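>>> Return atomic coordinates for the entry below.
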Amino acid sequence: MFEKNRYSAVSLNYFLFFALSGTFIPFIFIYLQSEGWSGVSIGIYSAIGPLVAFLVQPIWGYIADRRGRLPLMFAVLILLSGAIISIYKNVPVGPAFYVLAILLGIFQNPLNPMIDSMSIRALGEQKNSWGLTRLWGSLGFAVSSFIMGKVFTDSPALIFTSYGVGTIFVALAIFVMPFEEKRAKEEPIHNQFAIKGISSVLTKQFFLFLAAISILQLGQSMPLNFLSVVMTDRGASSALVGLAWSITAIVELPVYFRSEGFITRFSPERVLIGIGLFKAVRFALFAISYHPIAMLIVHATVGIGYALLTAALIILVDQIIPTEYHATGFTLYVAFTTTLPHLVGGLLGGKIYDLWGGTALYFASALTTFLGVFAFYSWYHSVRKPKNAAV
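A predicted model of the protein is given here:
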């Protein structure tokens, strides 16, 4: 019964958390473009949040490890994010939205590594089955982004209201996560932590791992904020854009379901290398896909790469970082491999898009992703594999 409740609680939290994201993330950049923002302006907006988050995410993780109240911290941060976004419903698009990016960088961006850290620990010895719970997040994102895509054209400001209301349900659901009890047994003492202990997380192995994955994720981040914009430039409607995000999330479902088998059979390192190459090819194909239906089909394959890549990375990070600094390690991981690439990628992507358009942007992403795969392959053979010869 406990195992069943554990999976159900983690799955519920992922469903609600990503359903909330699906109402806002795919559409905020279309909203800004429709109000007259250029690619550079959108790139600056998308870079501000990651810059702030890069600075504060490890601090939030360290506080959570020290105080041991991660679910409460998560609930407070997501409610603050919802309140802030709701206020911006009536704010004219302009410089004030850069302030929004700063505030979301502080309060919203740390949420993803927090929920991942809680989930992987809540699953305990069954952590390799993490993909089975994460697939519910993809389902939630698919449903909400599809619905929002249908109503966005007529009610674009609804993205602010729906996110604000939705945070209430996510904040309540986090307290059913079977997390506190497990943590209390493993880490009963919190006040003996010291800042210098963070050095135990940033080992040479982990640092080089972060560097390699940062390059790989930069390739993915460069076009991320411009997918919806490029699709609309090429003739896609907002409903089709919403459908593209939904289909991607649906494709993730069976991949997450089978992720444990793939990772167990091939090892997370080899899965990551294969998926990295797959992503590089996909970016190149999207660069030359100009028909809306062709873009829809190519983008649908994002779900294959994203699901396996995410599952493999979560398992790898959990293996590398010390248990007593779990939240700190996960926030550092996200800061360097998600937040930092989003920061740099948003700026580079906006500049490339304004100068040469969507085709050049996606070709640049393909090349950068390939370089990231090479960097990770080098890490795997020089640092990881000698200590893990059986892999």
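>>> Number of residues surrounding Thr36?
Small correction: residue 36 is Gly, not Thr. The local packing of Gly36 (other CB atoms under 10 Å) involves 9 other residues. Using the backbone N, CA and C atoms, a C-beta is placed for each residue, glycine as well.
>>> Find the residue closest to it in space, skipping its chain neighbours.
Counting by CB to CB, 6 or more residues apart in numbering, Val93 is the residue found nearest to Gly36 once chain neighbours are left out, at 7.3 Å.
>>> With Tyr7 instead?
In space, not counting the residues next to it along the chain, Tyr7 is nearest to Thr133; the distance is 6.0 Å by CB to CB, 6+ apart.
>>> So Ala75, which state does it fall into?
Taken by DSSP: H, G, I helix; E, B strand; the rest coil, the conformation at Ala75 corresponds to helix.
>>> helices and strands around the helix or strand where Ile263 lies, which ones?
Of the helices and strands defined by DSSP states H and E, Ile263 is found in helix 238-266. Counting contacts by 3 or more CB pairs under 8 Å, 6 or more residues apart in numbering; DSSP states H and E, helix 238-266 is packed against helix 2-22, helix 25-34, helix 130-151, helix 227-233, helix 268-287, helix 292-300, helix 302-320.
>>> mean confidence score for that helix?
Along helix 238-266, the predicted confidence averages to a pLDDT of 85.
>>> Next one: Phe18 from Ser378, what distance?
33 Å (CB to CB, to the nearest Å).
>>> Over to Ala212?
The span separating Ala212 from Ser378 equals 7 Å under the rule CB to CB.
>>> can you check Thr301 too?
Counting by CB to CB - Thr301 and Ser378 are separated by 26 Å.
>>> The two: which has the busier surroundings?
Neighbours per residue, other CB under 10 Å: of Thr301 and Ser378, the larger number sits with Thr301, 18 against 12.
>>> which residues does that one contact?
The contact partners of Thr301, taken as CB atoms under 8 Å, 6 or more residues apart in numbering, are 251, 278, 282.
>>> quick one: low-confidence ranges for this structure?
Within the chain, the ranges that satisfy pLDDT under 70 run 1-4, 179-202, 384-391.
>>> burial of the closest residue to Gly131 other than its chain neighbours, as a residue count?
In space, Gly131 comes closest to Ser259 once its chain neighbours are excluded; the distance is 3.3 Å by CB to CB, 6+ apart. Using other CB under 10 Å, the number of residues around Ser259 comes to 28.
>>> hmm, back to that, take the helices and strands packed on helix 238-266 and lay them out in JSON lines including mean neighbour count.
Formatted as JSON lines, those follow (neighbours: other CB atoms under 10 Å):
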{"stretch": "helix 2-22", "mean neighbour count": "20"}
{"stretch": "helix 25-34", "mean neighbour count": "21"}
{"stretch": "helix 130-151", "mean neighbour count": "23"}
{"stretch": "helix 227-233", "mean neighbour count": "21"}
{"stretch": "helix 268-287", "mean neighbour count": "21"}
{"stretch": "helix 292-300", "mean neighbour count": "17"}
{"stretch": "helix 302-320", "mean neighbour count": "22"}
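>>> closest to Phe363 out of those?
helix 268-287 (4.7 Å; CB to CB).
>>> which secondary structure elements does the closest one contact?
Against helix 268-287 (3+ CB pairs under 8 Å, 6+ apart) you get helix 204-224, helix 238-266, helix 292-300, helix 302-320, helix 358-379.
>>> so what secondary structure elements neighbour the third one?
Counting contacts by 3+ CB pairs under 8 Å, 6+ apart, helix 292-300 is packed against helix 227-233, helix 238-266, helix 268-287.
>>> could I get these as CSV with distance to Gly105?
Below are the helices and strands packed on helix 292-300 laid out as CSV (distance: least, CB to CB, whole Å):
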stretch, distance to Gly105
helix 227-233, 21
helix 238-266, 22
helix 268-287, 26
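>>> Run through the residues that contact the nearest residue to Ser144 once chain neighbours are set aside.
Nearest non-adjacent residue to Ser144, counting by CB to CB, 6+ apart: Gly22, 3.5 Å away. When contacts are counted by CB under 8 Å, 6+ apart, Gly22 touches 140-145, 148, 245, 249.
>>> can you do 10 Å?
Counting by CB atoms under 10 Å, 6 or more residues apart in numbering, Gly22 makes contact with 137-138, 140-149, 162-163, 166, 242, 245-246, 249.
>>> And for Asp233?
When contacts are counted by CB under 10 Å, 6+ apart, Asp233 is found next to 33, 226, 290, 353, 357-358.
>>> For it, give its distance to Ile44.
Applying CB to CB, the value for Asp233 to Ile44 is 19 Å.
>>> residue contacts, Phe97?
If a contact means CB under 10 Å, 6+ apart, then Phe97 has 28, 31-32, 35, 37, 41, 45, 48, 88, 91 as its contacts.
>>> Please repeat the previous calculation with a cut-off of 8 Å.
With CB under 8 Å, 6+ apart as the criterion, the residues that contact Phe97 are 32, 45, 88, 91.
>>> filter those residues to the buried ones?
For the contacts of Phe97, a neighbour count by 16 or more other CB atoms under 10 Å gives the buried set as 32, 45, 88.
>>> Can you add distance to Leu218 and give those residues back as TSV?
Listed next are the buried ones among the contacts of Phe97 as TSV, based on distance: CB to CB, whole Å:
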residue	distance to Leu218
Leu32	22
Tyr45	18
Tyr88	28
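>>> Can you tell me which of those is nearest Gly349?
Tyr45 (11.8 Å).
>>> In terms of helices and strands, where is the closest one?
Using DSSP H and E, Tyr45 falls within helix 39-67.
>>> how distant is that helix from the center of its chain?
On the basis of CA atoms, centre = their mean, to the nearest Å, the separation between the geometric centre of helix 39-67 and that of its chain is 13 Å.
>>> cool, stretch 71-79 as well?
With CA atoms, centre = their mean as the basis, the distance from the averaged C-alpha position of stretch 71-79 to the chain average is 18 Å.
>>> which residues are in contact with it?
The contact list for stretch 71-79, computed with CB under 8 Å, 6+ apart, reads 60, 63-64, 67, 107-108, 110-111, 114-115, 118, 167-168, 170-172, 174-175, 177, 179-180.
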